[in-house]
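[1] for reference, the sequence and a predicted model appear below.
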Amino acid sequence: MTPEDIPSTQPIFAAIVNFFTEDNWHYAQLEKQSTLRLAFKGKNDQYDCYAQALESQQQFIFYCLCPIKIPKSKRRAVGEFLSRANYGIIIGNFELNFDDGEIRYKTSTAVKNHLLDSDTIKQLVYTNVKMMDEYLPGIIAVTKGGVSPADAIHDLP
């Protein structure tokens, strides 16, 4: 898929496809959606990611999913850890689905006049995956190591 294959009514999605093609990411488009599924290999694990164009709302959203699901018994503690992590973060935020234990990191931006440049995409994408990879050891420490949320945040490099 190339930006030329995308209808001109989808300029945000075309910009996303162009960025990931030029940056040599492997991706697949979700069926009937302006969303790409991608994978990123960090220093701590590999992550499933999603890049989504919301043309009518003029928005770009990028998600990185945590590779582990949080068991119900640990969701409150991990929720506290993520809240501590979110405090002070400028670009993006962690989200925890308390129903199924999924954690994701979200970065997004409003896109003026449907014009999304590659520098903006790059900043949002790489900030996103870096944050997930940086905080994964703390998530694991709280989930599997019995470390308190406050100690896990303090122990991060």
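    Perfect, I can see it now. Residues are numbered from 1 along each chain as shown.

[2] the residue nearest to Leu156 when sequence neighbours are not counted: how many residues sit nearby?
    Using C-beta to C-beta, 6 or more residues apart in numbering and skipping the chain neighbours, the partner closest in space to Leu156 is Gly138 (5.3 Å). Where you see a C-beta, it was placed from the backbone N, CA and C, and this is true even at glycine. Gly138: 23 surrounding residues under other C-beta atoms under 10 Å.

[3] which parts of this protein are helices?
    Here the chain has its helices, by DSSP state H, at 11-22, 75-86, 118-144, 149-155.

[4] so which of those helices comes closest to Leu30?
    When the helices of the chain are compared by C-beta to C-beta, helix 11-22 sits nearest Leu30, at 11.3 Å.

[5] how about residues contacting that closest one?
    Residues outside helix 11-22 that contact it (C-beta atoms under 8 Å, 6 or more residues apart in numbering) are 1-3, 6, 27, 34, 36, 38, 51, 53-55, 58-60, 111, 114-118, 121-122, 125.

[6] and if you look at stretch 108-124?
    Taking C-beta under 8 Å, 6+ apart as the rule, stretch 108-124 contacts 11-12, 15-16, 18-19, 22-23, 55, 58-62, 91-92, 107.

[7] before we move on, the earlier item: mind giving me the ChimeraX command for buried ones among the contacts of helix 11-22?
    Only the buried entries of the contacts of helix 11-22 go into this ChimeraX selection, using 16 or more other C-beta atoms under 10 Å:
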select :3,6,27,34,36,38,51,53,54,55,58,60,111,116,121,125
